[in-house]
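K.L.:
below: sequence and its predicted model.
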Amino acid sequence: MAGVESVELFRFITCGSVDDGKSTLLGRLLYETGQLAEDQLATLVRDSQRHGTQGSEIDYALLLDGLDAEREQGITIDVSYRHLVTPRRHFIVADCPGHEQYTRNMATGASTADLAVVLVDARKGVLTQTRRHSYIVSLVGIGQVILAVNKMDLVDYAESAFEAIVAEYRQLAAALGIAEVQAIPVSALHGSNLIGHDPRMPWYRGPSLLACLESAPVRPESPGCGFRMPVQWVNRPDAEFRGYAGTVAAGSVAPGDDIVVLPAGVRARVAQVLDVDAELRPRACDRAEPGQAITLTFDREIDASRGDVIAQASDAPGVADQFAAHLLWLDGAPLLPGRRYWLKLGTRTVGAQVTEIKHRVDINNQEHLAAKRLEANEVGYCNLSLDAPIVFEPYAINRRLGGFVLIDRLTHATAGAGTLDFALRRAGNIHWQAL
């Protein structure tokens, strides 16, 4: 892992239907790029003989499927994260499960990704779970997809099979608003078109999978937004110091900048921006950028606590307590309007309820269907009502202040995940009518 700090960080996921070869593709990619030490390769050979599904051949999926249940069933259950380092980039890869009951795990992996590699079995084509995963990819704002049509060796490397799947998927991507789709025919088991071209597919003249990953642009973090930082905790080691710690969610901040603390609306000026050096000692810095963990001090005493948001005074986000939102339901028990949950957005947790399900989205054709409840893995467009105002921005503008989860109050399990679209200004639209 030497030199990791000097190359660009890029996150991507592999997703698609069950048995489309996601774990095999990533395992083979790790092997082809020389990421495996000799002892890891020896262990993989032994595990392939005990748990493998490829006969006498190496089962590269075992590099990703680490749980005993995964190896016994030959499937992926939990999200598996791996690091892959090339001279151009440091990749963090999330191998997402394909089974419908593990959709919540796939949504977790997708939430921080710059790009999605969607796998499709060349024999089966685009399936329901392919459509569900692609919808979630679009819901969390991933705008670039690599369509890896896998198992080309099982269709005799036929161009016609590849083109038919690509045409169908491009229609789906257009309907979902996914702007960039790069289609690549691959055979993960044999390493075809992963890092170089396979002579058995001379008709394909596009880039390899690794070349696409190395050239894809990093997903911008809230472009055009002013400074925003949710307060994680109040740093007060002694009576002489009070600072407000958090991670910069958007924009940048420097000493002398005017800020506002929301939702209270208190204004102040930044006195110091502090981070830590390599030995974790505090140090002053001239400017902090998105993703940087910092502590801020101000020119005067202010009242701020965990869950508040410190923002650029001249470009502040909104504050509201009612919203329209897309919601992916993850709980085994159905969502019923009126039931109370905890809503967590950034560092803020507040009581909430779904007051109305406007419609349910059919993942196969994106049609809007009437619904009074949402079952597990269904997506709905809902109205939310919160017990207190929160600081927010639409998810399309700011993922950090627009993405939320709903938490069951009894079990504390994550019941749903969603994206805020806009605030509902109901107070200004209600008028009493004579009966």
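P.N.:
Thanks, I have the structure now. Residues are numbered from 1 along each chain as shown.

K.L.:
now the helices for this structure?
P.N.:
Counting by DSSP state H, the chain has helices at residues 22-32, 38-51, 68-73, 103-110, 128-139, 159-176, 209-215.

K.L.:
Ile302 is nearest to which of those helices?
P.N.:
Nearest to Ile302, of all the helices of the chain, is helix 103-110, at 34.9 Å by Cβ to Cβ. (Each C-beta comes from the backbone N, C-alpha and C, glycine too.)

K.L.:
okay, buried residues for the closest one please.
P.N.:
103-110 (16 or more other Cβ atoms under 10 Å).

K.L.:
between those, which sits nearest Leu147?
P.N.:
Leu147 has its nearest neighbour among the buried residues of helix 103-110 in Ala110, at 15.7 Å by Cβ to Cβ.

K.L.:
so that closest one sits against Arg11, correct?
P.N.:
No: counting by Cβ atoms under 8 Å, Ala110 stays clear of Arg11, with 9.9 Å between them.

K.L.:
overlap of the contact sets of those two?
P.N.:
Listed as contacting both Ala110 and Arg11 by Cβ atoms under 8 Å, 6 or more residues apart in numbering are Ala94.

K.L.:
any low-confidence regions in this protein?
P.N.:
Within the chain, the ranges that satisfy pLDDT under 70 run 1-6, 37, 48-56, 64-79, 98-102, 222, 425-435.

K.L.:
nearest residue to the middle of this structure?
P.N.:
For the chain, the residue nearest the mean C-alpha position is Ser111 (1.3 Å; Cα atoms, centre = their mean).

K.L.:
residues in contact with that residue?
P.N.:
By Cβ under 8 Å, 6+ apart, the residues touching Ser111 are 140, 399, 403, 417.

K.L.:
now the buried members of those.
P.N.:
By 16+ other Cβ under 10 Å, those give 140, 399, 403, 417 as buried.

K.L.:
so what sits opposite Leu384 in the bridge?
P.N.:
Counting by DSSP bridges, Leu384 forms beta bridges with Phe323, Val354.

K.L.:
surely it and Glu356 touch.
P.N.:
No: with contact defined as Cβ under 8 Å, Leu384 does not reach Glu356; the gap is 9.2 Å.

K.L.:
which of these two has more neighbours?
P.N.:
For the pair Leu384 and Glu356, the greater number of neighbours falls to Leu384 (24 against 14), based on other Cβ atoms under 10 Å.

K.L.:
I'd like the distance between the more buried one and Val155.
P.N.:
Counting by Cβ to Cβ, to the nearest Å, the separation of Leu384 from Val155 is 46 Å.

K.L.:
what of Cys212?
P.N.:
Cys212 is 22 Å from Val155, by Cβ to Cβ.

K.L.:
next one: Gln40
P.N.:
32 Å.

K.L.:
which of those two has more neighbours?
P.N.:
Val155 (18 against 13).

K.L.:
that'll do, ta.
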